[in-house]
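Undergrad: All I have is the shape, not the residue letters:
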């Protein structure tokens with residue numbers, strides 16, 4: 001039975017990854033300080049092969065058993081969080097990644113870091129391939145997250161090249177689904193909550209900026225496939241078939257929920273990327289992976305998890 005350590009394992013993506021690894025026969029050690037994660041996300045896990053360790057990854061990580069895989073998902077990934085705690089965002093991307101890599105080196109484990117499409121910034125190349133170096137404002141408000149992830153990628157590749165650690169890098173594009181926090185701040189969960197509560201859906205700018213939305217089950221499947229591969233270079237994981245404008249996403253959420261909510265417009269945040277779409281050619285070639293769940297089906301699954309009755313579905 002392989003043993004996997006998942007930092008940020010009580011978060012949105014981390015808890016789904018814990019579920020998937022357990023289903024595939026892993027023993028799982030979930031490491032989280034619950035800054036943005038929640039015990040509710042892992043409360044359903046009763047397996048003897050699962051354990052929870054309360055720990056902040058900016059401090060060295062000690063696991064008293066053999067480890068085969070380290071999945072480093074700990075991060076302040078939502079703008080709400082990294083703007084609230086910018087230094088913590090920088091520290092988890094730097095010290096946290098250093099400590100997680102140190103654990104992988106110590107245990108001779110395969111290491112996967114959850115990087116992000118934010119390393120591409122406000123891209124001047126569309127869609128974004130892994131070979132694109134990005135267009136990031138290092139001193140803007142989003143820099144504390146974007147640059148932390150770019151630094152984390154550099155450290156990961158250095159540990160691979162200089163220290164011989166078996167590493168891989170998942171560049172994750174916008175993902176949605178059950179267990180996203182209600183106050184997460186990202187568009188999909190904001191729109192869903194507003195629609196279900198009958199409140200106006202808040203669209204920033206004129207709503208023409210795009211995101212490519214991938215359902216969480218597809219994303220987690222890709223992460224596990226990447227960890228089990230022999231790949232070391234970055235791999236984009238996202239859904240290129242569902243690049244939608246924020247206005248289109250708001251309209252889709254209203255349609256799927258049967259809400260009567262209106263759409264209102266507010267000022268666009270600083271450095272908000274105008275386009276976002278992954279080129280997943282490498283994921284298809286290297287992993288044989290691509291997303292399977294379309295946007296409306298994913299939203300319906302999310303609603304079913306919430307136990308909500310929908311209209312017109």
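TA: Okay, I see it. The shown structure was predicted, so the numbers you read here are calculated from the model rather than taken from an experiment.
Undergrad: which residues of the stretch 151-300 of the chain fall in strands?
TA: For the stretch 151-300 of the chain, strands defined by DSSP state E, counting those that start in this stretch occupy the ranges 167-172, 175-176, 201-204, 210-212, 214-215, 234-237, 243-245, 263-266.
Undergrad: possible to save those as JSON lines with mean neighbour count?
TA: For the C-beta atoms, the positions are set from N, CA and C on the backbone; glycine is no exception. Listed next are the strands of the stretch 151-300 of the chain as JSON lines, based on neighbours: other Cβ atoms under 10 Å:
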{"stretch": "strand 167-172", "mean neighbour count": "24"}
{"stretch": "strand 175-176", "mean neighbour count": "26"}
{"stretch": "strand 201-204", "mean neighbour count": "19"}
{"stretch": "strand 210-212", "mean neighbour count": "23"}
{"stretch": "strand 214-215", "mean neighbour count": "26"}
{"stretch": "strand 234-237", "mean neighbour count": "26"}
{"stretch": "strand 243-245", "mean neighbour count": "18"}
{"stretch": "strand 263-266", "mean neighbour count": "13"}
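Undergrad: State the mean pLDDT of stretch 303-313.
TA: Across stretch 303-313, pLDDT averages out at 59.
Undergrad: Can you tell me which of the strands of the stretch 151-300 of the chain is nearest to residue 299?
TA: strand 175-176 (7.9 Å; Cβ to Cβ).
Undergrad: could you say what helices and strands the closest one packs with?
TA: Under the contact definition 3 or more Cβ pairs under 8 Å, 6 or more residues apart in numbering; DSSP states H and E, strand 175-176 sits against strand 214-215, helix 216-228, helix 295-306.
Undergrad: thinking again about what came up before, tell me which of the strands of the stretch 151-300 of the chain lies nearest to residue 77.
TA: strand 167-172 (8.7 Å).
Undergrad: Residue 80 touches residue 183, doesn't it?
TA: Yes. With contact defined as Cβ atoms under 8 Å, residue 80 reaches residue 183; the gap is 6.7 Å.
Undergrad: quick one, which of the helices and strands packed on strand 175-176 is nearest to residue 205?
TA: helix 295-306 (20.7 Å).
Undergrad: Show me what that closest one is in contact with.
TA: 176-178, 192, 196, 213, 215, 242, 244, 252-253, 256-257, 293, 310, 313 (Cβ atoms under 8 Å, 6 or more residues apart in numbering).
Undergrad: Pull out the buried residues from those residues.
TA: 176-178, 192, 196, 213, 215, 242, 244, 252-253, 256-257, 293, 310 (16 or more other Cβ atoms under 10 Å).
Undergrad: quick one: which of those sit in helices?
TA: 192, 196, 252, 253, 256, 257 (DSSP state H).
Undergrad: Would you mind giving these as JSON lines with pLDDT added?
TA: Formatted as JSON lines, those follow (pLDDT from 0 to 100):
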{"residue": "192", "pLDDT": "94"}
{"residue": "196", "pLDDT": "93"}
{"residue": "252", "pLDDT": "95"}
{"residue": "253", "pLDDT": "95"}
{"residue": "256", "pLDDT": "94"}
{"residue": "257", "pLDDT": "93"}
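Undergrad: The closest residue to residue 20 other than its chain neighbours: what's it in contact with?
TA: The shortest distance from residue 20 to any non-neighbouring residue, by Cβ to Cβ, 6 or more residues apart in numbering, is to residue 220 (5.0 Å). Residues near residue 220 by Cβ under 8 Å, 6+ apart: 13, 16, 17, 20.
Undergrad: Let me have the residues you listed in TSV, extended by neighbour count, secondary structure and distance to residue 281.
TA: Shown next, in TSV, are these (neighbours: other Cβ atoms under 10 Å; DSSP: H, G, I helix; E, B strand; the rest coil; distance: Cβ to Cβ, whole Å):
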residue	neighbour count	secondary structure	distance to residue 281
13	25	helix	23
16	23	helix	25
17	27	helix	24
20	17	helix	24
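Undergrad: Columns distance to residue 70 and pLDDT on top of these, output as JSON lines?
TA: Shown next, in JSON lines, are the contacts of residue 220 (distance: Cβ to Cβ, whole Å; pLDDT from 0 to 100):
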{"residue": "13", "distance to residue 70": "15", "pLDDT": "98"}
{"residue": "16", "distance to residue 70": "17", "pLDDT": "98"}
{"residue": "17", "distance to residue 70": "12", "pLDDT": "98"}
{"residue": "20", "distance to residue 70": "16", "pLDDT": "98"}
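Undergrad: Relative to residue 170, which of the helices and strands packed on strand 175-176 is closest?
TA: Nearest of those (Cβ to Cβ): helix 216-228, 5.5 Å.
Undergrad: Report the distance from that closest one to the chain centre.
TA: 11 Å (Cα atoms, centre = their mean, to the nearest Å).
Undergrad: For it, list every residue counted as buried.
TA: So for helix 216-228, counting by 16+ other Cβ under 10 Å, buried means 216, 217, 218, 219, 220, 221, 222, 223, 224, 225, 226, 227.
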